[in-house]
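# Return atomic coordinates for the entry below.
(one chain, ligands or ions: 2)
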Amino acid sequence: MDHAAVFYQELPKVELHAHLNGSVSFQTIEKLISRKPQLNIEHSMTAIGKGQRRTLDECFEVFKVIHKLVDTEEDILMVATDVIKEFAADGVKYLELRSTPREEKDTGLTKKNYIETVIKAIQQCKNEGVDIDVRFLVAIDRRNGTEVAMETVKLAEDFMLSSDGLVVGLDLSGDPTVGNGKYLLPALEKGKNCGLKLSLHLSEVPSQLEESDLLLNLPPDRIGHGTFLHPEVGGSQSLVDKVVKNNIPLELCLTSNVKGQTVPCYSQHHFNYWYQLGHPSVICTDDKGVFCTDLSQEYQLAASTFGLSKEDIWKLSQQAIDCIFAPEDVKQQLKHKWKELYPQVFK
Ligand SMILES: CC(C)=CCNc1ncnc2c1ncn2[C@@H]1O[C@H](COP(=O)(O)O)[C@@H](O)[C@H]1O
Ligand SMILES: [Zn+2]
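Ligands and ions are numbered 1, 2, ... in the order given. I've put the predicted structure just below:
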């Protein structure tokens, strides 16, 4: 690792936007493939390498392949454990993982088991002393409509009350070109009212103005991507005003947007727009396995693309603490940790 990379790796970081099955590393995929050789899946089908780009449709096909490889409790336990340890090794001190509970008739996996297994992985890592605080957001796939969303909220609510604070919120994700957020509004409202925090993928593609406007009225606690919210890219000032007025942090994933081709190149990423506004934004990975990246690399890319100093980067990672869904005492602990680590990182 070169000298510059060491700084980004040692920088304590907060990861708030990571889809479990999109975060599976090369090493873990290899283990999964050897568990299921009959599927004839090759690693090239589960990741988008350096310099490669895919259409959004092609990216979502990748998740289908990964889901075939991850369809039992054992798989989920291994995947979640590996992903947590990888984030920890990359210097992430606080992680909010998100995942869509799946039922698999062939293996007997239920949605309840699915969530329980992710929680088990989090607890096991904690017991092993892995230096990372991990929380879980239960994801709603927008394609599945009202009823499934309601059922997911109910499950999330039950686990929020029984998981010792590990389940903290809901995510709304899935192919942005499918389904309509307006049918999911009642479920999201219900979740919010029972104390679940909301992180919603918003305006990930153009032409979601109406939906974004509607969902912003909730308002959500954080926004994923928000690529097409601002007027320069076909959004509107009134959408921006709503985000600013409610002080809703954005989760920004540079490589994901470039490789998924919703943003033409790093220098045109909307990070710059929101950073110039001084609006809270948090750099995240989205799917570190699929997009072959890690959080250190994303910070380094932001710095080199937008000319940020090490002090700017430190502030960025520190300000992310204010955007987490865990309660105030956790924020205080993290702030303390950052303070302690500062001299080491800037040695
Ligand atoms: C295609 C592309 C550029 C991806 C990045 N942008 C995304 N936008 C919306 N939903 C996503 C994205 N990446 C992952 N997901 C969601 O996360 C799921 C995979 O993780 P999991 O099974 O929930 O554990 C996908 O099936 C999808 O529902
Ligand atoms: Zn995402």
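# could you say what helices and strands whatever helix or strand residue 282 lives in packs with?
Assigned by DSSP states H and E, residue 282 falls within strand 281-283. On a contact count with 3 or more Cβ pairs under 8 Å, 6 or more residues apart in numbering; DSSP states H and E, strand 281-283 meets strand 13-19, strand 250-252, helix 271-277, helix 295-306, helix 310-319. Quick note: C-beta positions are derived from backbone N, CA and C, even for glycine.
# excluding its backbone neighbours, what's nearest the residue of the stretch 101-250 of the chain found nearest ligand 1?
Nearest to ligand 1 in the stretch 101-250 of the chain, going by Cβ to the nearest ligand atom, is residue 173, at a distance of 3.5 Å. If the residues on either side of it in the chain are set aside, residue 173 comes closest to residue 201, at 4.8 Å by Cβ to Cβ, 6 or more residues apart in numbering.
# Give the helix, strand or coil label for that neighbour.
strand (DSSP: H, G, I helix; E, B strand; the rest coil).
# residue contacts, it?
Residues near residue 201 by Cβ atoms under 8 Å, 6 or more residues apart in numbering: 142, 171, 172, 173, 174, 176, 223, 224, 225.
# which of those residues sit farthest apart?
Farthest apart among these by Cβ to Cβ are 174 and 223. That separation is 15.6 Å.
# Now do the contacts for the residue nearest to residue 335 when sequence neighbours are not counted.
Spatial nearest neighbour of residue 335, excluding adjacent residues (Cβ to Cβ, 6+ apart): residue 321 at 5.8 Å. By Cβ under 8 Å, 6+ apart, the contact list for residue 321 reads 14, 94, 331, 334, 335, 338.
# who wins for neighbours among the residues you listed?
Most neighbours among the contacts of residue 321, by other Cβ atoms under 10 Å: residue 14, with 25 neighbours.
# so how far is ligand 1 from the residue nearest to it when sequence neighbours are not counted?
Residue nearest to residue 14 in three dimensions, not counting chain neighbours: residue 320, with 3.9 Å by Cβ to Cβ, 6+ apart. Separation of residue 320 from ligand 1 (Cβ to the nearest ligand atom, to the nearest Å) stands at 19 Å.
# Could you report the neighbour count for residue 320?
Using other Cβ under 10 Å, residue 320 is surrounded by 24 other residues.
# And the residue nearest to residue 173, what's its pLDDT?
In the prediction, the pLDDT value recorded for residue 201 is 98.
# swap in the one 10 residues further on?
Per-residue confidence for residue 211 comes out at a pLDDT of 97.
# Check whether it really touches residue 179, as I assumed.
No - the pair residue 211 / residue 179 is not scored as a contact, 9.5 Å apart, by Cβ atoms under 8 Å.
# still on that earlier bit, narrow the contacts of residue 201 to those in strands?
With strands taken from DSSP state E, the overlap with the contacts of residue 201 comprises 171, 172, 173, 223, 224, 225.
# What pLDDT does the model give the third one?
Taken from the predicted model, the pLDDT recorded for residue 173 is 98.
# What distance do you get for it to residue 69?
In this view, residue 173 and residue 69 are 19 Å apart by Cβ to Cβ, to the nearest Å.
# more crowded one of these two?
Higher neighbour count among residue 173 and residue 69: residue 173, with 24 against 21, using other Cβ under 10 Å.
# who's in contact with that one?
19, 98, 100, 139, 140, 141, 142, 201, 224.
# So what sits opposite the last one in the bridge?
Read it as residue 224. With DSSP bridges as the criterion, residue 224 is bridged to residue 201, residue 251.
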